[in-house]
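> Here's a sequence, model it:
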Amino acid sequence: MLNFDWISGIDLSIAKIIILLAFIAPAIFSLFLKKEYIFRGAEDYKTWRNLKYWILFLTLIMISIYLYF
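Numbering: from 1, shown residues only. All right, here's what the predicted structure looks like:
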């Protein structure tokens, strides 16, 4: 059984910052991906196939939903 009693001592604003950092970390990681990996399997190098843009776009959506609710 998991015991999460220790988490009740964390302030809500600190918890929000930790969660936001967990959302932002993959977005930052995506900025360092090589172009060969981003376009792997793509027939062309169109902008809409760029994974960096998709990851940043989806991360912003997740953060905005999290901050709204």
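
> buried sites along the lowest-mean-pLDDT helix or strand in the chain?
Ranked by mean pLDDT, DSSP states H and E, the helix or strand of the chain with the weakest confidence is helix 35-38, at a mean of 88. For helix 35-38, burial by neighbour count (16 or more other C-beta atoms under 10 Å) applies to Ile38. For every residue, glycine as well, the C-beta is placed using N, CA and C.

> most centrally placed residue in this structure?
Centroid-nearest residue in the chain, with C-alpha atoms, centre = their mean: Phe23, separated by 3.6 Å.

> ok, now how distant is it from Trp48?
Relative to Trp48, Phe23 is positioned 23 Å away (C-beta to C-beta, to the nearest Å).

> Only C-alpha atoms, please: export the helix or strand hosting Trp54 in PDB.
According to DSSP states H and E, Trp54 maps onto helix 51-68. Once non-C-alpha atoms are left out, helix 51-68 reads as follows in PDB (Å, rounded to 0.1, in the frame of the first residue of the first chain):
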ATOM      1  CA  LEU A  51       7.200  17.500 -33.800                       C
ATOM      2  CA  LYS A  52       8.700  20.500 -32.000                       C
ATOM      3  CA  TYR A  53       5.700  22.700 -32.900                       C
ATOM      4  CA  TRP A  54       3.200  20.000 -32.000                       C
ATOM      5  CA  ILE A  55       4.800  19.300 -28.600                       C
ATOM      6  CA  LEU A  56       4.900  23.000 -27.800                       C
ATOM      7  CA  PHE A  57       1.400  23.500 -29.000                       C
ATOM      8  CA  LEU A  58       0.000  20.600 -27.000                       C
ATOM      9  CA  THR A  59       2.000  21.500 -23.900                       C
ATOM     10  CA  LEU A  60       0.500  25.100 -24.000                       C
ATOM     11  CA  ILE A  61      -3.000  23.600 -24.200                       C
ATOM     12  CA  MET A  62      -2.400  21.300 -21.200                       C
ATOM     13  CA  ILE A  63      -0.900  24.100 -19.100                       C
ATOM     14  CA  SER A  64      -3.800  26.500 -20.000                       C
ATOM     15  CA  ILE A  65      -6.300  23.800 -19.000                       C
ATOM     16  CA  TYR A  66      -4.500  23.000 -15.800                       C
ATOM     17  CA  LEU A  67      -4.300  26.700 -14.800                       C
ATOM     18  CA  TYR A  68      -7.900  27.300 -15.700                       C
END
